[in-house]
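> Take a look and give me a structure for this.
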Amino acid sequence: MYRHADDGVVMEFAPDIPRWRQVAEIIRRRIADGTYAPRTRVPSVVQLTAEFGIANATAYKVLRALREEGLTYTEPGLGSFVAKRPQETEPGIAPSAAPTRKAPE
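Numbering: from 1, shown residues only. Just a heads-up that it's a prediction; the model follows:
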């Protein structure tokens, strides 16, 4: 949740949830709603610290979590970008066409 302060907007964090999880959720929502489209840059560590008032280590944790979830990828020297959505990875191949493993009977 954001609140307005005299010098701008300030993030108010829920006290019982780690800050990196809260910021990661905001970035996930922005990816889901198209604010950050596939193959476009997500905020850098510096931008995350400025926008959310978090430490560099917290911002790195946010970006690492998004990368580990497959939502973003990092290009060394360029930054982090939104990954292609699953339906964009193999045009013409339905996800259900992937081989499946049969459960033992």
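
> in stretch 16-31, what's buried?
By 16 or more other CB atoms under 10 Å, the buried positions in stretch 16-31 come out as 19-20, 22-24, 26-28, 31. Where C-beta positions appear, they are placed from N, C-alpha and C, glycine not excepted.

> Only C-alpha atoms, please: export it in CSV.
What follows is stretch 16-31, C-alpha atoms only, in CSV (Å, rounded to 0.1, in the frame of the first residue of the first chain):
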residue,chain,number,x,y,z
ASP,A,16,4.3,-9.7,9.0
ILE,A,17,5.4,-10.3,5.4
PRO,A,18,9.1,-9.9,4.3
ARG,A,19,9.5,-6.7,2.3
TRP,A,20,11.1,-8.5,-0.6
ARG,A,21,8.0,-10.7,-1.0
GLN,A,22,5.7,-7.7,-1.0
VAL,A,23,7.7,-5.9,-3.7
ALA,A,24,8.1,-9.1,-5.7
GLU,A,25,4.3,-9.5,-5.6
ILE,A,26,3.8,-5.9,-6.9
ILE,A,27,6.2,-6.6,-9.8
ARG,A,28,4.4,-9.9,-10.5
ARG,A,29,1.1,-8.1,-10.8
ARG,A,30,2.7,-5.5,-13.1
ILE,A,31,4.0,-8.3,-15.3
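
> List the residues that contact the nearest residue to residue 78 once chain neighbours are set aside.
Nearest non-adjacent residue to residue 78, counting by CB to CB, 6 or more residues apart in numbering: residue 41, 7.9 Å away. Going by CB atoms under 8 Å, 6 or more residues apart in numbering, residue 41 touches 78-81.

> of those, buried ones?
Buried members of the contacts of residue 41, counted by 16+ other CB under 10 Å: 80-81.
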